[in-house]
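**Student:** Just the structure for this:
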Amino acid sequence: MTPPHAAAPRALSLYPRRYREAYGAEIHEMYQDAVRGAGRWARCREELDIAAHALRLRTRTGPGHPLGRFALAAAPYALAAAAALAAVRLLFLVVGTGDAADASPVLRAGAPTCVLTLAAAASAALGRWPGVRACAALGLLAAAALPGTDARFLPLLAVLVLLPPGATPARADRRLAVVLGLALGLPWLPLATAGLAVAAGYGMIGALAPTVVVLVIRSAAKDGGARHALAILLATAPWTLATATTPVGAAVALVPLVLAYGLGATVRAGRRRVRA
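**Tutor:** Numbering: from 1, shown residues only. Below is the predicted model of the structure:
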């Protein structure tokens with residue numbers, strides 16, 4: 001039986017009814033043990049943890065749900081893309097010469113989101129993925145609140161916010177994400193140092209497309225599922241789908257990725273037959 005509501009954490013009411021009836025007493029007992037003798041901030045932190053867990057159950061974004069598993073696969077790629085975008089924007093802002101100086105007010109508006117995104121990348125490099133989620137959540141709020149922030153940050157940071165707590169992305173995905181981040185950011189270094197305009201966007205499709213194709217082949221050959229390939233596509237969509245404004249443009253953007261996935265899946269199937 002669930003303890004009296006007055007003694008239970010308020011966030012307990014956020015759970016689905018059936019889950020609350022089945023596990024409410026256990027959650028309340030764990031809450032009481034955690035906050036016994038603790039101060040106000042400790043109680044608040046425990047309430048937030050319970051609320052976050054309840055919302056993950058309601059939105060089906062936990063590690064046991066498909067959306068949660070997809071966020072876990074997509075997080076390294078989304079972080080790499082967002083960090084490359086943030087680094088390039090800050091570099092243009094710091095250089096501030098030539099045509100880039102005309103764009104500096106827009107770049108300054110997005111500076112808080114860029115800084116928080118790079119802080120998330122630093123947390124990931126240190127293996128602190130809870131810090132990644134926290135920095136991404138703050139960056140997402142800044143991107144939504146500050147006019148002029150690049151809208152491409154929104155879906156990328158949202159993926160990081162949905163990352164299930166206590167879960168760490170696979171090592172292979174983290175390595176491939178580094179390659180993706182370099183492919184997105186490095187081509188723009190010469191332009192930034194020259195102070196050229198940023199109106200053309202970020203990513204240099206000519207340099208990015210081969211990298212994305214290779215990553216999709218590598219991921220499909222190793223994993224065999226579509227989840228990782230879709231994660232790469234989501235992270236690079238602001239660039240790879242920039243030309244997909246017409247049916248022909250969409251075909252040009254998507255057909256190579258579909259063929260790359262098919263090739264990777266074929267390689268994996270061939271390996272299985274050889275092992276058998």
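**Student:** Please report the distance of R45 from A11.
**Tutor:** According to Cβ to Cβ, to the nearest Å, R45 stands 11 Å off from A11. Bear in mind the C-beta positions are built from the backbone N, C-alpha and C, glycine included.
**Student:** who's more crowded, the two?
**Tutor:** Per other Cβ atoms under 10 Å, whichever of R45 and A11 has more neighbours is A11, with 19 against 14.
**Student:** Surely that one is in contact with I50?
**Tutor:** Yes - if you go by Cβ atoms under 8 Å, A11 and I50 touch, sitting 4.1 Å apart.
**Student:** To which secondary structure element type does the closest residue to A52 other than its chain neighbours belong?
**Tutor:** Nearest residue to A52, sequence neighbours excluded (Cβ to Cβ, 6 or more residues apart in numbering): P165, at 7.2 Å. The three-state label given to P165 by DSSP: H, G, I helix; E, B strand; the rest coil is coil.
**Student:** Would you mark the buried spots in the helix or strand harbouring A74?
**Tutor:** Secondary structure assigned from DSSP states H and E places A74 in helix 66-95. By 16 or more other Cβ atoms under 10 Å, the buried positions in helix 66-95 come out as 68-93, 95.
**Student:** which other helices and strands contact it?
**Tutor:** helix 104-109, helix 111-125, helix 129-145, helix 153-161, helix 171-185, helix 189-194, helix 226-240 (3 or more Cβ pairs under 8 Å, 6 or more residues apart in numbering; DSSP states H and E).
**Student:** ok, L12 touching I50?
**Tutor:** Yes - under the criterion of Cβ under 8 Å, L12 makes contact with I50 at 6.5 Å.
**Student:** Show me whatever sits in contact with both of these two.
**Tutor:** Overlap of the contact sets of L12 and I50 (by Cβ atoms under 8 Å, 6 or more residues apart in numbering) consists of I27, Y31.
**Student:** In contact with the residue nearest to L234 when sequence neighbours are not counted, which residues?
**Tutor:** Closest residue to L234 apart from its sequence neighbours, by Cβ to Cβ, 6+ apart: A74 at 5.5 Å. By Cβ under 8 Å, 6+ apart, the contact set of A74 is V159, L230, A231, L234, A235.
**Student:** give me that answer again for 10 Å
**Tutor:** 155-156, 159-160, 162-163, 169, 173, 177, 227-228, 230-235 (Cβ atoms under 10 Å, 6 or more residues apart in numbering).
**Student:** Let's see the PyMOL selection covering just the buried ones among those residues.
**Tutor:** Command for PyMOL that selects the buried part of the contacts of A74, burial taken from 16+ other Cβ under 10 Å:
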select buried, resi 155+156+159+160+162+163+169+173+177+228+230+231+232+233+234+235
